[in-house]
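Peer 1: Got a predicted model here, sequence first, then my questions.
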Amino acid sequence: MKITLLLLLFTLCASSSAQHTGMNAPKEEQSQYTDNKFKAHMLFHFNEGCPTNSECSPEMGRIYGRWSKAVAAVRKAKKQRPELEPLRSEYGAPVDLWLTPKAQAKEGFIYWDSPCKNHNKEGQEKIGIGVVLAKNMNEVLKYENEGKAFIRRLYRLEDSGELKTYLSLRGENPLYFDGEKMVFKRMIEGNYYGLSIGPQGRMSIVDTITPPEFPQTIECPPKAYQKVKALKHPDNLYSGHYCQRAWNIRTHRFEIILIGWSCN
């Protein structure tokens with residue numbers, strides 16, 4: 001069967017090849033495709049390096065693909081930081097977030113529709129999910145300030161009873177704390193690496209350890225729960241809040257964090 005027929009099974013997106021962000025070949029080019037023009041990566045996305053089913057530009061595909069290959073190359077290494085930290089420092093690391101209709105793939109976003117019911121309510125602005133590359137979380141704030149994205153925030157319960165806010169990652173909770181820093185075990189294309197985020201938004205690649213205690217969902221302290229419920233969030237972003245405790249390898253105690261949840 002001609003490769004053209006395979007390409008036609010995918011959702012079409014008409015644009016020039018140079019700026020094409022859809023999964024399959026531009027509509028106007030599909031009739032010209034023959035077996036010898038088809039490349040293996042096109043089974044997953046027309047732009048090499050882009051994740052499957054995403055809206056993603058050629059440039060984002062190149063950088064995201066570089067990350068994927070770099071993490072795969074060190075997946076069994078005990079020390080991943082020396083290889084991956086220069087990549088984060090130069091290009092930024094993948095950051096998962098929610099996107100508004102103002103976010104365009106050609107502007108540096110990797111975009112998918114959200115499967116969450118609360119993100120697709122009739123009469124309310126649709127919320128998508130996506131990835132950007134950033135050297136620190138404060139870089140991501142500009143997208144939120146431009147009305148193009150929503151950043152997930154976690155709230156750590158202080159001894160004083162106040163909540164300390166962290167800019168965090170959509171759909172992920174920290175594996176443990178290292179002093180003031182949250183440490184995440186991130187995955188890209190099936191391979192893992194460590195990423196830390198500090199309270200000021202600074203990110204760094206880290207070599208993760210196995211904490212003596214893994215995160216556990218717990219009942220939220222009533223006063224803290226009332227405080228986080230009173231915080232202002234975009235309409236239909238969250239379906240509710242819950243709490244977890246995560247071990248702090250520096251202080252040898254649990255940190256309680258309050259988290260907004262949706263389906264992703």
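Peer 2: Happy to help now that I have it.

Peer 1: Grab the nearest non-local neighbour of residue 166.
Peer 2: residue 154 (4.6 Å; C-beta to C-beta, 6 or more residues apart in numbering). The way it works is simple: take the backbone N, C-alpha and C, and place the C-beta from them, glycine included.

Peer 1: Residues in a beta bridge with that neighbour, which ones?
Peer 2: residue 166, residue 259 (DSSP bridges).

Peer 1: Check what pLDDT it gets.
Peer 2: For residue 154, the pLDDT comes out at 95.

Peer 1: burial count for it?
Peer 2: 24 (other C-beta atoms under 10 Å).

Peer 1: quick one: it and residue 243, what's the gap?
Peer 2: For residue 154, the distance to residue 243 equals 10 Å [C-beta to C-beta, to the nearest Å].

Peer 1: residue nearest the centroid of the protein?
Peer 2: For the chain, residue 96 is the residue whose C-alpha lies nearest the centre (C-alpha atoms, centre = their mean; 1.5 Å).

Peer 1: helices or strands up against the helix or strand harbouring that one?
Peer 2: Per DSSP states H and E, residue 96 falls inside strand 93-99. When contacts are defined as 3 or more C-beta pairs under 8 Å, 6 or more residues apart in numbering; DSSP states H and E, strand 93-99 packs onto helix 58-73, strand 128-134, helix 137-145, strand 149-150.

Peer 1: if we go to 7 Å?
Peer 2: strand 128-134, strand 149-150 (3 or more C-beta pairs under 7 Å, 6 or more residues apart in numbering; DSSP states H and E).

Peer 1: Listing partners with orientation, what would you give for the shortest one?
Peer 2: Which is strand 149-150. strand 93-99 (antiparallel).

Peer 1: just the first one next, same as before
Peer 2: Strand pairing for strand 128-134, determined by DSSP bridges: strand 93-99 (antiparallel), strand 110-113 (antiparallel).

Peer 1: Before I go, just wanted to say thanks for your time.
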